[in-house]
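> need a 3D model of the following:
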Amino acid sequence: MTAPHRSADLRQKLVAAGLDELRENGLAAVSIRAVARRAGVSHAAPGYVFGDRAGLLTAMAERGFELLRDHLAASGSQAEGDDAVIAVGAAYLEFARQQPALYQLLFDAEELRRNDPGLGMAGGQAFGALISRLPPEVAATGPRGPGPLLAWTVVHGLAGLERSGALGTQLADDRARADAESALLRHVAASIRAEADAAPPSSG
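You can find the predicted model right below:
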């Protein structure tokens, strides 16, 4: 096996070990030494590949955005119209609940190198998967369009409120939470449909 292949394999192994450490023990527990130990490599290996903890976390976040992208892309593939918008929104909230430590890494970790090209591309692809279920004329407006921004800010904001416990008294059980989420997502879907209906006809 050539050196580049060995380096790529080591990188993937360390990222996987880092994500396991993150899920089991939380963001604060992720260190060069802990990840090396979990991966069964020398303590120097992660530093050689990533430089420092920030580099390791950034690589882990890149992989995390890929996992979010895949989770969103698999949602509502057979649904259409409002149901498709609701399905992808529900999938985003599901990811935040099922992967709380990873979600924290993606959006809250101050150490991430946000200008890293790989991280930026992975984050953009995850956003693309989120808006891919929107009507084409709305999705085409991209990150600056009101429809895509509405879809993301609503689900991201709701996920944040749930994670912080701010909705604990208002939505005291799973049924109340599910009902509130469903109503909110239907409202978002209706708003996006109205935007699509108001869009000028395509000239092409």
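
> chain center to the helix or strand hosting Ala34: distance?
Assigned by DSSP states H and E, Ala34 falls within helix 32-39. Relative to its chain's centre, helix 32-39 lies at 24 Å (C-alpha atoms, centre = their mean, to the nearest Å).

> give me the contact list for it.
Helix 32-39 is contacted by residues 13-14, 16-18, 20-21, 25, 42-47, 52-53, 56 when judged by C-beta atoms under 8 Å, 6 or more residues apart in numbering. Heads up, the C-betas are built off the backbone N, CA and C, glycines and all.

> buried only: go through those residues for me.
Buried residues within those, counting neighbours by 16 or more other C-beta atoms under 10 Å: 13-14, 17-18, 21, 45-47, 53, 56.

> ok now do the residue nearest the centre of the chain, which residues does it touch?
Nearest residue to the geometric centre of the chain (C-alpha atoms, centre = their mean): Leu68, 4.1 Å. With contact taken as C-beta under 8 Å, 6+ apart, Leu68 is in contact with 92, 95, 106, 126, 129.

> neighbour-wise, which of those residues leads?
Greatest neighbour count in the contacts of Leu68, by other C-beta atoms under 10 Å, goes to Tyr92: 26 neighbours.

> any idea which element the closest residue to that residue other than its chain neighbours lies in?
Sequence neighbours aside, Val155 is the residue nearest to Tyr92 in space, at 4.3 Å (criterion: C-beta to C-beta, 6 or more residues apart in numbering). Val155 is part of helix 146-164, with elements assigned from DSSP H and E.

> cool, thanks, signing off.
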